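Participant: predicted model, plus sequence, below.
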Amino acid sequence: MCVDLIKLTIDGMEIEASPGTTVLNAAEALGIHIPRLCYDPSLSSVGACRICVVEIDGMRNLPASCVTTVTPGMVVRTDTPAVIEARKTILELLIANHPLDCMTCEKAGDCKLQEYCYQYGVTKGAFTGEEHHYGLEENNPFIVRDLNKCIVCGKCIRACAEITGKDILDFAYRGFNTKVTPFGNTSYIESDCVFCGNCVSVCPTGALTEKQMSGKGRRWELKKVRTTCPFCGTGCNFDLNVMDDKVVGVTSTNGPINGRALCVKGRFGWDYVHSPKRLTRPLIKKNGRFEEATWGEAFDLIATRFKEIKDKHGPGSFAALSSARCTNEENYLVQKFSRVVMGTNNVDHCART
Ligand code: FES
């Protein structure tokens, strides 16, 4: 079906956009970055933070570009003195009740609030008043929650509902006391949270951080290595965060299969990588005790025993169970080996239910 495109002008540049496109997305298509705190392309838009305001001819106020859709002939300006002044005021209001411990904050270097304050030259002091003094929530193995750094953008609430489908978070209380919390104002560990960490991946500040990454390196020092999760056959992508050749964490990337979503195993179950309990050499049991062996000795023993079993009990005595954690090529080899070498079709896979 042919859809009539809408013509508009943004910062003097003409663009055609499909009906329903937001001003923020149309600007992005022109290479104009509009700041955003509560907007995320994988979540519904609510227009909560107002940092994305722009000037539009004929509109009295400065509308939030993430929830304003394009209309024919619209003339938008994203960088006028009024827009900049409004963004500065929003940032000043946000940091009036923010710890500003950026020198030790785990999110420093990857914090949108810090980035925009730097960009707009905003420092604390324009507004003074009451500040929150919530205790740090770290009574679970995966997520540190510091509500003093929460800007109440609601992205974690939407990520929990729209990405994970759990819906355990919501706003509680009113006005200055508004906070994001699981039902009953409990901690994550006391709630139905499954610790997928999708809330952490969308948090624009240091309110939600990965516990395992705490103190392991500044965000800008971490090398990101994109890889595919080995835990199941879904094939989710994520970034391994590597410091001094050691994995120190997993963060979301925009994977073709999973977008930014991950489960608890993918995001937090990587610590086995450097476990001293991992086998690095083959072990052969001799006289009831495991002893280190060479790969040659191990393969010889396996081949001899497989042959003995096949000769004595027949091919049907052998079965192979493979795993979704292996690659397709490895699984192919397992079935090929079973059929051609062992002579049996007794092949199965952990992902078959
Ligand atoms: Fe548009 Fe928050 S990013 S209102």
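Facilitator: Received it, and whenever you're ready, just let me know what you need.

Participant: which stretches of the stretch 1-150 of the chain form strands?
Facilitator: Using DSSP state E, counting those that start in this stretch, the strands found in the stretch 1-150 of the chain span residues 6-10, 13-17, 55-56, 75-77, 143-145.

Participant: for the fourth one, packing partners?
Facilitator: For strand 75-77, the helices and strands in contact under the criterion 3 or more C-beta pairs under 8 Å, 6 or more residues apart in numbering; DSSP states H and E are strand 6-10, helix 23-29, strand 55-56. Every residue, glycine included, has its C-beta placed from N, CA and C.

Participant: is it possible to get TSV of the ones you listed that adds mean neighbour count?
Facilitator: Output for those, formatted as TSV (neighbours: other C-beta atoms under 10 Å):
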stretch	mean neighbour count
strand 6-10	19
helix 23-29	21
strand 55-56	20
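
Participant: columns mean pLDDT on top of these, output as TSV?
Facilitator: What follows is those, written out as TSV (pLDDT from 0 to 100):
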stretch	mean pLDDT
strand 6-10	97
helix 23-29	98
strand 55-56	98
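
Participant: of all those, which lies closest to the ligand?
Facilitator: helix 23-29 (6.7 Å; C-beta to the nearest ligand atom).

Participant: run through the neighbouring helices and strands of the closest one.
Facilitator: Using 3+ C-beta pairs under 8 Å, 6+ apart, helix 23-29 sits against strand 6-10, strand 13-17, strand 75-77.

Participant: that one close to the ligand?
Facilitator: No: against the ligand, helix 23-29 shows no contacts by C-beta under 6 Å from any ligand atom, the least distance being 6.7 Å.

Participant: going forward, begin numbering at 11 instead of 1
Facilitator: Sounds good: first residue 11 from here, last item helix 33-39.

Participant: residue of the stretch 261-363 of the chain closest to the ligand, please.
Facilitator: Counting by C-beta to the nearest ligand atom, the stretch 261-363 of the chain gets nearest the ligand through residue 270, at 16.9 Å.

Participant: could you report the neighbour count for the residue lying closest to that residue once chain neighbours are set aside?
Facilitator: Among residues not flanking residue 270 along the chain, residue 262 sits closest, at 4.0 Å (C-beta to C-beta, 6 or more residues apart in numbering). Using other C-beta atoms under 10 Å, residue 262 has 23 neighbouring residues.

Participant: hey, C-alpha coordinates of stretch 112-128 in CSV?
Facilitator: Provided in CSV are the C-alpha atoms of stretch 112-128 (Å, rounded to 0.1, in the frame of the first residue of the first chain):
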residue,chain,number,x,y,z
CYS,A,112,30.3,11.1,39.6
MET,A,113,33.9,10.5,40.6
THR,A,114,32.9,7.1,42.2
CYS,A,115,29.6,6.4,40.4
GLU,A,116,29.7,3.1,38.5
LYS,A,117,27.8,4.7,35.6
ALA,A,118,30.2,7.6,35.1
GLY,A,119,31.0,7.8,31.4
ASP,A,120,27.9,6.0,30.5
CYS,A,121,25.4,8.2,32.2
LYS,A,122,23.0,10.4,30.1
LEU,A,123,22.4,12.8,32.9
GLN,A,124,26.2,13.4,33.3
GLU,A,125,26.6,13.7,29.5
TYR,A,126,23.9,16.3,29.1
CYS,A,127,25.0,18.3,32.1
TYR,A,128,28.4,18.5,30.6
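
Participant: mind listing what's buried in it?
Facilitator: Using 16 or more other C-beta atoms under 10 Å as the test for burial, stretch 112-128 gives 112, 115-117, 120-124, 126-127.

Participant: let me know the closest of these to the ligand.
Facilitator: residue 122 (9.7 Å).

Participant: if I look at that closest one, how far off is residue 261?
Facilitator: Per C-beta to C-beta, to the nearest Å, residue 122 is found 15 Å from residue 261.

Participant: what do you get for residue 198?
Facilitator: Distance, residue 198 to residue 261, using C-beta to C-beta: 19 Å.

Participant: output the contacting helices and strands for the longest helix anywhere in the chain.
Facilitator: In the chain, with assignment by DSSP state H, the single longest helix is helix 305-323. Judged by 3+ C-beta pairs under 8 Å, 6+ apart, helix 305-323 is in contact with strand 293-296.

Participant: tell me the strands beside the strand it packs on, with direction?
Facilitator: strand 299-302 (antiparallel) (DSSP bridges).

Participant: which helix or which strand is home to the closest residue to the ligand within the stretch 111-260 of the chain?
Facilitator: Distances between the stretch 111-260 of the chain and the ligand by C-beta to the nearest ligand atom are smallest at residue 163, namely 6.6 Å. Under the criterion DSSP states H and E, no helix or strand holds residue 163.

Participant: now do the contacts for it.
Facilitator: Contacts of residue 163 were listed using C-beta atoms under 8 Å, 6 or more residues apart in numbering, and they are 47-48, 58-59, 214.

Participant: okay if I get those as JSON lines plus neighbour count and pLDDT?
Facilitator: Formatted as JSON lines, these follow (neighbours: other C-beta atoms under 10 Å; pLDDT from 0 to 100):
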{"residue": "47", "neighbour count": "22", "pLDDT": "97"}
{"residue": "48", "neighbour count": "25", "pLDDT": "98"}
{"residue": "58", "neighbour count": "18", "pLDDT": "95"}
{"residue": "59", "neighbour count": "25", "pLDDT": "96"}
{"residue": "214", "neighbour count": "27", "pLDDT": "97"}
